[in-house]
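Novice: below: sequence and its predicted model.
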Amino acid sequence: MSLRTVVTAQRKRAALAAVVAALVGGAATGCGGSSQAATPSASSAPVPLVVYSAQGYDKTVTDAFQKATGIPTKLVDDSTGPLLARVQAEQGNPSWGVLWVDGDEAFAALDKAGMLLKGYQPSATLTAAGQAVVPADKSYVPTGLTVTAALVYDVSRTPNPPTSWQELLTPAWKGAIGMNDPSVSGPTYPFVAGMFNQLGGDSQGQAFYTGLKSNGLHVFQTNDDTLHALQNGQIKAALVQSSAGIATGIKNPHLKTVYLPKVTSLPSVLGIDAKAPAQVRAEAEQFATFVLSTQGQQAMLTGDRHGDSLFWPIVQGVQPDPELPALSTVPTQAIDPYTWGPKEGGINSWFTNTIVR
């Protein structure tokens, strides 16, 4: 999700989880997707392509796309929860052609409900990390990566940061760790699910977070809240989305972002409405191709310099902002959104009832 501060974040994140649950539950009765490429006639005049997006760089990209192709593009910019709620409400008569937000769990649910065009992937050559988050049925298109959760600390106060997740459970870090609430913060549920995944399952993941709580874990609502607690000395280490940590470090050089083994890949994802007219689907495919082109990637990398643009490109040959380390040096894992997406509501409820309270 975008790094913009959302005053009603808790309500919107709850709406996101409810929409994902509704989509998963309604998958059996969802409309069918198409694996056929949409090809309008050569004489077809462009029609407006409606892009629902929560990306900080989206206006820069849609403006560049419209200028490059002549296709009129209408951007509907909001945070992820309201956009997914809107997509769900419009199932019978969709207004969107493209949906573009962070996190693939919701797209797995949309795919299960038959709401996404299947079988389309732009011809761009992806990195190994990019290929790892492409769905088998090609029902959505990854466009970039951040990771969750990165560990941010103040080098002037904490010269020796933790080097493993298990170290966070030791007395040396009692009361010193802060993270976001996954029921509020979009990037945090994939972090929680990623820990459950790498530790071996639900019971092992629950034991880890219960241990953190026993060791004095502080839970805040958003990246801004957690990073503020770090800067005022309330905590010594903040667990947040990588782009948030790096952006804060650009403003405050005392703050450094590191990555414990392993952190979870958080892709930005683009999906195409399966029910859109053929011409709109064709334009949406052009948009996806543009996003993964050199020009589109440059627009992503410059559109939100101190926010969502701090991502790792997944197109071979495209370089990230120089503030980012090489992705090959970051110990990442990609979790299966079709496994962990349907679990989001239950895990978030457990976290709220057991860890937050």
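Specialist: The structure has been received and is ready for your questions. Residues are numbered from 1 along each chain as shown.

Novice: element containing Y120, please.
Specialist: Assigned by DSSP states H and E, Y120 belongs to no helix or strand.

Novice: do a quick rundown of the helices in this structure.
Specialist: With DSSP state H as the criterion, the chain has helices at 9-25, 58-69, 80-89, 105-112, 128-131, 188-199, 202-214, 223-231, 242-251, 278-291, 294-302, 337-340, 344-351.

Novice: I'd guessed S268 sits against T143; true?
Specialist: Yes. Counting by CB atoms under 8 Å, T143 is a contact partner of S268 at 4.8 Å. (Each C-beta comes from the backbone N, C-alpha and C, glycine too.)

Novice: residues shared between the contacts of those two?
Specialist: Residues touching both S268 and T143 by CB atoms under 8 Å, 6 or more residues apart in numbering: W100.

Novice: kindly report the domain assignment for this structure.
Specialist: Per automatic domain parsing, the structural domains of the chain span 9-144+267-326, 148-264+345-356.

Novice: where's the residue most central in space within the chain relative to K118, distance?
Specialist: The centre of the chain sits closest to D102, judged by CA atoms, centre = their mean, with a distance of 2.6 Å. As judged by CB to CB, to the nearest Å, D102 and K118 stand 21 Å apart.

Novice: for the residue nearest to the centre of the chain, give me its contacts.
Specialist: D102 makes contact with 1-2, 54-55, 80, 146, 186-187, 266-269, 308, according to CB under 8 Å, 6+ apart.

Novice: pLDDT score for L84?
Specialist: For L84, the model assigns a pLDDT of 88.

Novice: how about the one 5 residues further on?
Specialist: In this model, A89 is scored at 95, pLDDT.

Novice: neighbours of it, how many?
Specialist: Residues near A89, counting by other CB atoms under 10 Å, number 12.

Novice: which among the contacts of D102 count as buried?
Specialist: 1-2, 54-55, 80, 146, 186-187, 266-269, 308 (16 or more other CB atoms under 10 Å).

Novice: how about A244: what's its closest non-neighbour residue?
Specialist: Leaving aside its chain neighbours, A244 sits nearest to N223 (3.9 Å; criterion: CB to CB, 6 or more residues apart in numbering).

Novice: pretty sure the one you found is touching L239, no?
Specialist: No. With contacts defined as CB under 8 Å, N223 does not count as touching L239, sitting 9.9 Å away.

Novice: what residues do the two have in common as contacts?
Specialist: Shared contacts of N223 and L239, defined by CB under 8 Å, 6+ apart, are found at N180.

Novice: out of these two, which sits in the busier spot?
Specialist: More crowded of N223 and L239, by other CB under 10 Å: N223, with 28 against 25.

Novice: how much space between the more buried one and T248?
Specialist: N223 sits 8 Å away from T248, taking CB to CB as the criterion.

Novice: could you do S183 as well?
Specialist: 23 Å.

Novice: can you check F311 too?
Specialist: Going from F311 to T248 by CB to CB gives 15 Å.

Novice: who has more neighbours, these two?
Specialist: Remark: of F311 and T248, F311 carries more neighbours, 29 against 21, as counted by other CB under 10 Å.

Novice: which pLDDT value belongs to the more buried one?
Specialist: Predicted confidence (pLDDT) at F311: the value is 98.

Novice: then A15?
Specialist: Looking at A15, its pLDDT stands at 54.

Novice: do the same with the one 3 residues further on
Specialist: pLDDT recorded at A18 is 58.

Novice: could I get the domains of the chain as JSON lines with distance to D336?
Specialist: Shown next, in JSON lines, are the domains of the chain (distance: least, CB to CB, whole Å):
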{"stretch": "domain 9-144+267-326", "distance to D336": "8"}
{"stretch": "domain 148-264+345-356", "distance to D336": "8"}
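
Novice: would you tell me which of those gets closest to A334?
Specialist: Closest to A334 of the domains of the chain is domain 9-144+267-326 (CB to CB; 4.3 Å).

Novice: please state the offset of the closest one from the chain centre?
Specialist: Relative to the centre of its chain, domain 9-144+267-326 is centred 12 Å away, using CA atoms, centre = their mean, to the nearest Å.

Novice: isn't A54 right up against S79?
Specialist: Yes. Judged on CB under 8 Å, A54 makes contact with S79 at a distance of 5.3 Å.

Novice: from A150, how far off is G249?
Specialist: G249 is 10 Å from A150, where distance means CB to CB.

Novice: so what sits against both of these two?
Specialist: Common contact partners of G249 and A150 (CB under 8 Å, 6+ apart): T257.

Novice: what about these two, which has more around it?
Specialist: A150 (23 against 18).

Novice: which residues does the more buried one contact?
Specialist: Shown in contact with A150 (CB under 8 Å, 6+ apart): 239-242, 245-246, 257-259, 263.

Novice: of all the residues you listed, which comes closest to N232?
Specialist: Within the contacts of A150, the smallest distance to N232 is 15.4 Å, found for V240 (CB to CB).

Novice: leaving out chain neighbours, which residue sits closest to that closest one?
Specialist: Excluding the flanking residues, the one nearest V240 by CB to CB, 6+ apart is N223, at 4.7 Å.
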